[in-house]
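Engineer: Fold the following for me, if possible:
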Amino acid sequence: MGIPVRVILLSAITVALAAPARVAFAQAHEHRGFWIGFGFGGGVNFTQGLDGERLVGGTGYLRLGGTPSQHLLLGFEGIGWGRHYQGATLGRGNGAFVAMYYPSKNGGGFLKGGVGTATVSRAAVSGSTTSTTSEPGFGLTIGGGWDLRLGNNLYGTPNFDVLMQWFEPKDDPILGHIPGTNTILVFTFGLTWH
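Structural biologist: Alright, predicted model coming up:
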């Protein structure tokens, strides 16, 4: 007594159609409680002046915070850019209170905005002496990214960010001319735990 071919085909089609639904449900992004993430990448400093020209450098970030809802994460982010240039290490960074908005409850895409402080720094080595100086300012960070599920609570997170910085324009004996504004575009890949 054999099983009709129609029953086998219908069962196979039902399983094939149900599998993506189970995978999509299993892949739903759940944001709960405390979260933390870090990442590395590169960026371009678009402002001329202190850095002399548009420079490409390395970038890294650390962010952490809490989860008010599935659509909103709030926290703190420190993101910095730096590179070695003409015998000195140049650095710029923003430390900001950030809000990350996820338009879709089941999707990983997010938009991010943050406001806080900015820093410009320069470190130079001359013989056995290292001279370091920095200047504080106001910083604004906007960007976005995507959480790609890697494990139960672990996500790979490609990001893009624009760091905007405002300083009091002046000439510093070590930093040189500090322009009033600065803009850096950065791309990073990180890991996030929710």
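
Engineer: what about the residue nearest the centre of the chain, distance to G60?
Structural biologist: With distances taken as C-alpha atoms, centre = their mean, N159 lies nearest the centre of the chain, 4.6 Å away. Note on N159: its distance to G60, by C-beta to C-beta, to the nearest Å, is 11 Å. In this view, the C-beta of every residue, glycine as well, is placed from N, C-alpha and C.

Engineer: where do the contact lists of the two overlap?
Structural biologist: Common contact partners of N159 and G60 (C-beta atoms under 8 Å, 6 or more residues apart in numbering): G39, G41, T188.

Engineer: Tell me the helices and strands packed up against the helix or strand harbouring the last one.
Structural biologist: It stands for T188. Using DSSP states H and E, T188 sits in strand 181-193. Contact partners of strand 181-193 among helices and strands, from 3 or more C-beta pairs under 8 Å, 6 or more residues apart in numbering; DSSP states H and E: strand 35-45, strand 55-69, strand 72-85, strand 154-166.

Engineer: For the shortest one, what is the distance to the chain centroid?
Structural biologist: Spelled out, that is strand 35-45. 5 Å (C-alpha atoms, centre = their mean, to the nearest Å).

Engineer: And for stretch 64-77?
Structural biologist: The chain centroid and the centroid of stretch 64-77 are separated by 14 Å under C-alpha atoms, centre = their mean.

Engineer: Flag every buried residue along that stretch.
Structural biologist: By neighbour count with 16 or more other C-beta atoms under 10 Å, stretch 64-77 contains the buried residues L64, G65, T67, L73, G75, E77.

Engineer: quick one: contacts of it?
Structural biologist: 29-37, 61-63, 94-103, 105, 110, 114, 141, 194.

Engineer: Show me the residues you listed that map onto strands.
Structural biologist: In strands, judged by DSSP state E, the following of these are found: 35-37, 61-63, 94-101, 110, 114, 141.

Engineer: are any of those residues buried, and which?
Structural biologist: Buried members of these, scored by 16+ other C-beta under 10 Å, are 35, 37, 61, 63, 94-96, 98-100, 110, 114, 141.

Engineer: ok, so of those residues, who is nearest S134?
Structural biologist: Set against S134, the nearest of these by C-beta to C-beta is G95 (12.4 Å).

Engineer: wait, what's in contact with the closest one?
Structural biologist: G95 sits in contact with F76, E77, G78, G116, T117, T119, G139, where contact means C-beta under 8 Å, 6+ apart.

Engineer: now the protein, which segments are flagged as low pLDDT?
Structural biologist: 1-29, 48-53, 126-130, 172-178 (pLDDT under 70).

Engineer: Thanks a lot, see you next time.
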